[in-house]
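In: let's see this in three dimensions:
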Amino acid sequence: MDFLFDLWIPILASAAAVFVVSSIVHLVLPIHKNDYASLPDEEAILAALRDQQVGPGEYSFPFTESMQEMQEPATIEKYSRGPVGFLTVMPSGPPGIGKNLVIWFAYSILISVFAAYITSFLAINSPREAFRLTGTVAVLAYAATHIYNSIWKAQPWQTTLKNIFDGILYGLVTAAIFASLGNWGV
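Out: So this is what the prediction gives:
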């Protein structure tokens, strides 16, 4: 746990820098403007979901209990007829952006803690080595995790590529902070 004491400044500074950069990416730049589309006749669909009392959670449709059920002719017909997808329903009420921002900052601290932890196993002797290692860890944590959504949840690859770009940016910011603020034997 010495790494936490030795690297607490780069850990917190990199999380804060990622927080600022992500705010700029999402609030100022138009990169993510078209990540979502509106539903056709949204009000009718929302009314139908309310009528069915669909609560918060993740849903798939058509829903099947097993791989065997997916092979049944009636299920294959449902899939062929469509639509096929996933639905995430959040709790009703205004979005809790404040809570989400706090959780995002905590997540960024966690990624920086893991980057610091992994560097603690090696004798890092230069800012360049620190940049490479912490950047690799941070890019993997921020960027690679988004690929899953395109593979398994049919998120458009265009959206995933934008998220990967964001993750690479956050990883490089993390690496730069660690390289500049850490004590790397120089």
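
In: which neighbouring elements make contact with the lowest-mean-pLDDT helix or strand in the chain?
Out: When the helices and strands of the chain are compared on mean pLDDT, DSSP states H and E, helix 2-6 comes out lowest with a mean of 79. Applying 3 or more Cβ pairs under 8 Å, 6 or more residues apart in numbering; DSSP states H and E, one finds that helix 2-6 makes contact with helix 97-119. Yep, even glycine has a C-beta here, placed from its N, CA and C like the rest.

In: what sits up against the helix it packs on?
Out: By Cβ atoms under 8 Å, 6 or more residues apart in numbering, the residues outside helix 97-119 that reach it are 3-4, 6-7, 10-12, 14-16, 18-19, 22, 130, 133-134, 137-138, 141-142, 170, 174, 178, 182.

In: out of those, which end up buried?
Out: Listed as buried from the contacts of helix 97-119 are 3, 7, 10-12, 14-16, 18-19, 22, 130, 133-134, 137-138, 141-142, 170, 174, 178, 182; burial here means 16 or more other Cβ atoms under 10 Å.

In: what helix or strand is the nearest residue to Phe178 once chain neighbours are set aside on?
Out: Spatial nearest neighbour of Phe178, chain neighbours left out: Thr134 (4.1 Å); criterion: Cβ to Cβ, 6 or more residues apart in numbering. According to DSSP states H and E, Thr134 maps onto helix 127-142.

In: verify the contact between Ser126 and Gly182 for me.
Out: No: in this structure Ser126 lies outside contact range of Gly182 using Cβ atoms under 8 Å: 10.3 Å.

In: quick one on the thing from earlier: how far is the least confident helix or strand of the chain from where the chain is centred?
Out: 27 Å (Cα atoms, centre = their mean, to the nearest Å).

In: do stretch 154-173 as well
Out: Worked out by Cα atoms, centre = their mean, stretch 154-173 lies 9 Å from the chain centre.

In: buried residues in that stretch, which are they?
Out: Those would be 155, 159-160, 162-164, 166-173, for stretch 154-173 by 16+ other Cβ under 10 Å.

In: got the CA positions of that stretch in PDB?
Out: The C-alpha trace of stretch 154-173 is given here as PDB (Å, rounded to 0.1, in the frame of the first residue of the first chain):
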ATOM      1  CA  ALA A 154     -25.300  -4.100 -31.000                       C
ATOM      2  CA  GLN A 155     -24.200  -0.600 -30.000                       C
ATOM      3  CA  PRO A 156     -23.200   1.100 -33.300                       C
ATOM      4  CA  TRP A 157     -19.500   0.700 -33.900                       C
ATOM      5  CA  GLN A 158     -19.400   4.500 -34.700                       C
ATOM      6  CA  THR A 159     -20.500   5.200 -31.100                       C
ATOM      7  CA  THR A 160     -18.000   2.700 -29.700                       C
ATOM      8  CA  LEU A 161     -15.200   4.200 -31.700                       C
ATOM      9  CA  LYS A 162     -16.000   7.600 -30.300                       C
ATOM     10  CA  ASN A 163     -16.000   6.100 -26.800                       C
ATOM     11  CA  ILE A 164     -12.600   4.400 -27.500                       C
ATOM     12  CA  PHE A 165     -11.300   7.800 -28.700                       C
ATOM     13  CA  ASP A 166     -12.400   9.400 -25.400                       C
ATOM     14  CA  GLY A 167     -10.800   6.500 -23.500                       C
ATOM     15  CA  ILE A 168      -7.500   6.900 -25.300                       C
ATOM     16  CA  LEU A 169      -7.600  10.600 -24.500                       C
ATOM     17  CA  TYR A 170      -8.400  10.000 -20.800                       C
ATOM     18  CA  GLY A 171      -5.600   7.400 -20.700                       C
ATOM     19  CA  LEU A 172      -3.100   9.800 -22.200                       C
ATOM     20  CA  VAL A 173      -4.100  12.500 -19.800                       C
END
